[in-house]
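>>> below are the sequence and a predicted model for it; my questions follow.
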Amino acid sequence: MVVLVSGAAGQLGQALKFISDKYIDINFIFCSSSELDITSKENCDSVFKKHQPNYCINAAAYTAVDKAESEPEKAHLINAIGAKNLAEVCKEYDTILLHISTDFVFDGTSTNLSKTNGYREEDQPNPTGVYGLTKLQGEKVIQETFENYFIIRTSWVYSQFGNNFMKTMLRLASERENLSVVNDQIGTPTNAVDLAEVLIKIICHTEHLTLSVVDRPSATNFQLPTSNRQTELVEVFGIYNFSNEGQCSWYDFAKEIFKINNVNITLNPIPTTSFPTPAKRPAYSVLDKTKIKSVFQIKIKDWKESLKTVKI
């Protein structure tokens, strides 16, 4: 089984590489943006023709939330056109696509929430900034292109890799004695390694269903009729939410980061209005993970528990 990973130099790409040795039956092909430019359909086709992947994890994205407000064309090129290019080559090469999206497709207001324990996959998106809009556009072009996709919406991703909130907090703490962090934006941190593990879990589950459709049932190896397996395979595709469990503010997140890393610093909670940014953030972006837990039978760590496993 060949799994191609775009954006391999990014945070999620590095997390996937970090766990890849555990999966000896998977041939991972890690491609940085210079090796696989998702904004080029020609380049995508060339890479897919060479490697013939069974699965593609699209970990490539424009994620500079504030900078996107001044670079909307670049954000759209990577997040929307890039997603379209990958979806088209995945369709052509019969590759299943796992595409990473974001909680920023939601506006963070309670009016669009169907349940109080977080946004569900079917809740109405309403992005308030360029980043969220272009990620939503990417979701839509994938859905319009073919059916063999998983769109995984996630939030507040951090890890020992790349640039993220946790590493920024630790860096600032080494430079300052006082730090102020907003306490009125509520969401859930996601350990990139946990996200990477879930992506592989989805692939393994899907591969099992795929092989069940192809293989013929026998008296010694009874399986569901192919038509039922085919239906089950088709129905498993779609949009899913994933983050760690629980919820917190950015202030709470920072406080726990400092606690676990034994950092002594004066931490001050402030409202969003005291820290204006070019892009508006969702005030509430907790994701309901009932669907992904049910379909793939996974247990998800609490965000505090998972944070303890990250070593800088």
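Nice, I can see it.

>>> count of neighbours near residue 266?
Neighbour count for residue 266, taken as other Cβ atoms under 10 Å: 9. Quick note: C-beta positions are derived from backbone N, CA and C, even for glycine.

>>> that one bridge partners, please.
Residue 266 has these beta-bridge partners by DSSP bridges: residue 178.

>>> from residue 258, how far out is it?
10 Å (Cβ to Cβ, to the nearest Å).

>>> give the bridge partners for the spatially most central residue of the chain, please.
The geometric centre of the chain, computed from its C-alpha atoms, lies nearest to residue 100 (Cα atoms, centre = their mean), at 3.8 Å. In this structure, residue 100 bridges to residue 152 when assessed by DSSP bridges.

>>> hmm, it is touching residue 59, no?
Yes - between residue 100 and residue 59 there is a contact under Cβ atoms under 8 Å: 6.0 Å.

>>> picking up where we left off before, what residues does the residue nearest to the centre of the chain make contact with?
Counting by Cβ atoms under 8 Å, 6 or more residues apart in numbering, residue 100 touches 12, 57-59, 61, 152, 154, 195.

>>> tell me the one of those nearest residue 160?
For those, the minimum distance to residue 160 (Cβ to Cβ) is 12.5 Å, reached by residue 12.

>>> how near is that closest one to residue 251?
25 Å.

>>> residue 105 is in contact with residue 125, isn't it?
Yes - at 4.1 Å, residue 105 counts as touching residue 125 under the criterion of Cβ under 8 Å.

>>> overlap in contacts, those two.
132, 136.

>>> so which of these two has more stuff around it?
A direct count of neighbours by other Cβ under 10 Å for residue 105 and residue 125 places residue 105 higher, at 27 against 18.

>>> excluding chain neighbours, what is closest to residue 191?
Among residues not flanking residue 191 along the chain, residue 306 sits closest, at 4.2 Å (Cβ to Cβ, 6 or more residues apart in numbering).

>>> buried ones in the strand or helix carrying the one you found?
Taking DSSP states H and E as the criterion, residue 306 maps to helix 303-307. Under the neighbour-count criterion of 16 or more other Cβ atoms under 10 Å, helix 303-307 has 303-304, 306-307 buried.

>>> same deal with stretch 250-261?
250-258.

>>> now do stretch 261-279
In stretch 261-279, counting by 16+ other Cβ under 10 Å, buried: 265, 267, 269, 279.

>>> what of stretch 199-211?
Result for stretch 199-211 [16+ other Cβ under 10 Å]: buried residues 199-200, 202-203, 206-207, 209-210.

>>> just put those in JSON lines and tack on secondary structure.
Listed next are these as JSON lines, based on DSSP: H, G, I helix; E, B strand; the rest coil:
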{"residue": "199", "secondary structure": "helix"}
{"residue": "200", "secondary structure": "helix"}
{"residue": "202", "secondary structure": "helix"}
{"residue": "203", "secondary structure": "helix"}
{"residue": "206", "secondary structure": "helix"}
{"residue": "207", "secondary structure": "helix"}
{"residue": "209", "secondary structure": "helix"}
{"residue": "210", "secondary structure": "helix"}
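
>>> dump those to TSV, plus pLDDT and distance to residue 143.
Formatted as TSV, the buried residues of stretch 199-211 follow (pLDDT from 0 to 100; distance: Cβ to Cβ, whole Å):
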residue	pLDDT	distance to residue 143
199	98	19
200	98	23
202	98	17
203	97	20
206	95	17
207	93	22
209	87	20
210	81	20
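
>>> just the closest of the residues you listed to residue 178, please.
Using Cβ to Cβ, the buried residues of stretch 199-211 come closest to residue 178 at residue 199, 38.6 Å.

>>> quick one: distance of stretch 13-33 to the chain centre.
For stretch 13-33, the separation from the chain centroid amounts to 16 Å (computed by Cα atoms, centre = their mean, to the nearest Å).

>>> my read is that residue 280 contacts residue 129, right?
Yes - under the criterion of Cβ under 8 Å, residue 280 makes contact with residue 129 at 5.6 Å.

>>> tell me which of those two has more neighbours.
Neighbours per residue (other Cβ under 10 Å) separate residue 280 from residue 129, with residue 129 holding more: 22 against 17.

>>> look up the closest residue to that one, ignoring the ones flanking it.
Per Cβ to Cβ, 6+ apart, closest to residue 129 is residue 279, 4.0 Å.

>>> what's that neighbour sitting at in phi/psi?
phi -100, psi 140 (degrees, to the nearest 10).

>>> wait, what's in contact with it?
Residues near residue 279 by Cβ under 8 Å, 6+ apart: 65-66, 68-69, 128-131.
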